[in-house]
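Peer 1: below is the structure, and that's it, no one-letter string:
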């Protein structure tokens, strides 16, 4: 993971928070830690505040990396109030503002390559999560999160929450469109064969000028009928 000095971490979040809460003349450093806490929940696929709060209580390193004082973590009710009452529907906007700022900093340092990896990770659902779907392979109820990661600096660039039985290959265009809207140029994508649909190969190259590198799945065969279907979808 790219190392960003603590002061720089605050500056990256500060500009986003000030734009979203312009009436606040001074924003305490502890607020930035709470925002990172929500981003931490989002990327880890943790759906319940209590579970995430328990993690920072039990793991001082996580708490410190998020910007909390491990010896003086805000109460659960304080963080819960911040998330549900003060920060509703804001986390995705904050996440992509931070991504945009990090990309600018990497460019200034000559460390931006535009190379990305796309992959999905499985998230085990809680027992009472009625929205999660059962998957026979994992023999439990699970979710998936499709991730777009800067392969040179190991930074999350984009994410998409999915049901476990969804095809993650369908979300490559979402990531490219989202980053393109931010002015972030991706030049190479590396992914495994489940992303290598005819549509993704054509879309990434023709629409976004991206080199898509993939390893065909075992038993992969050329399918003329499927190619015609993908071509119709493309047009």
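Peer 2: Alright, I've got the coordinates. Note that the structure is predicted; figures quoted are calculated from it, not measured.
Peer 1: could you give the bridge partners of the residue nearest to the spatial centre of the chain?
Peer 2: With distances taken as Cα atoms, centre = their mean, the residue of the chain nearest its centroid is residue 159 (3.3 Å). Beta bridges link residue 159 to residue 147, judged by DSSP bridges.
Peer 1: got the contact list for it?
Peer 2: By Cβ atoms under 8 Å, 6 or more residues apart in numbering, residue 159 lies in contact with 42-43, 95, 145-148. Backbone N, C-alpha and C define where each C-beta goes, glycine included.
Peer 1: who wins for most neighbours among those residues?
Peer 2: For these, neighbours were counted using other Cβ atoms under 10 Å, and residue 148 has the most, 26 neighbours in all.
Peer 1: that one reaches residue 175, doesn't it?
Peer 2: Yes - between residue 148 and residue 175 there is a contact under Cβ atoms under 8 Å: 4.1 Å.
Peer 1: identify the contacts common to those two.
Peer 2: Common neighbours of residue 148 and residue 175 (Cβ under 8 Å, 6+ apart) are 116, 118, 157-158.
Peer 1: closest to residue 211 among the residues you listed?
Peer 2: Closest approach between the shared contacts of residue 148 and residue 175 and residue 211, by Cβ to Cβ: residue 116, at 10.8 Å.
Peer 1: how far away is the closest one from residue 189?
Peer 2: Here residue 116 is placed at a distance of 5 Å from residue 189 (Cβ to Cβ, to the nearest Å).
Peer 1: then residue 78?
Peer 2: Per Cβ to Cβ, residue 78 is found 41 Å from residue 189.
Peer 1: state the phi and psi torsions of residue 189.
Peer 2: For residue 189, the backbone dihedrals (degrees, to the nearest 10) come out as phi -130, psi 130.
Peer 1: helix or strand right after the lengthiest helix in the chain?
Peer 2: With secondary structure taken from DSSP state H, the chain has its longest helix at helix 91-108. Following helix 91-108 in sequence order, the next helix or strand is strand 115-124 (DSSP states H and E).
Peer 1: outside of the next helix or strand after that following strand, which residues touch it?
Peer 2: Next helix or strand after strand 115-124 toward the C-terminus (DSSP H and E): strand 133-135. Residues from elsewhere that reach strand 133-135 (Cβ under 8 Å, 6+ apart): 140-142, 163-165.
Peer 1: may I see the buried residues of stretch 144-163?
Peer 2: For stretch 144-163, the neighbour count (16 or more other Cβ atoms under 10 Å) marks 144-153, 155-160, 162 as buried.
Peer 1: likewise stretch 78-95?
Peer 2: Buried residues in stretch 78-95, counted by 16+ other Cβ under 10 Å: 79, 82-83, 87, 90, 94-95.
Peer 1: how about the residues you listed in a markdown table, adding distance to residue 196?
Peer 2: Listed next are the buried residues of stretch 78-95 as a markdown table, based on distance: Cβ to Cβ, whole Å:
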| residue | distance to residue 196 |
| --- | --- |
| 79 | 42 |
| 82 | 42 |
| 83 | 38 |
| 87 | 38 |
| 90 | 35 |
| 94 | 33 |
| 95 | 27 |
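Peer 1: just send those residues back as a markdown table, with pLDDT too.
Peer 2: Shown next, in a markdown table, are the buried residues of stretch 78-95 (pLDDT from 0 to 100):
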| residue | pLDDT |
| --- | --- |
| 79 | 90 |
| 82 | 81 |
| 83 | 80 |
| 87 | 70 |
| 90 | 74 |
| 94 | 79 |
| 95 | 84 |
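Peer 1: which residue ranges of this structure form helices?
Peer 2: Counting by DSSP H, the helices of the chain are 6-20, 29-44, 49-58, 60-66, 76-81, 91-108, 172-181, 198-202, 224-234.
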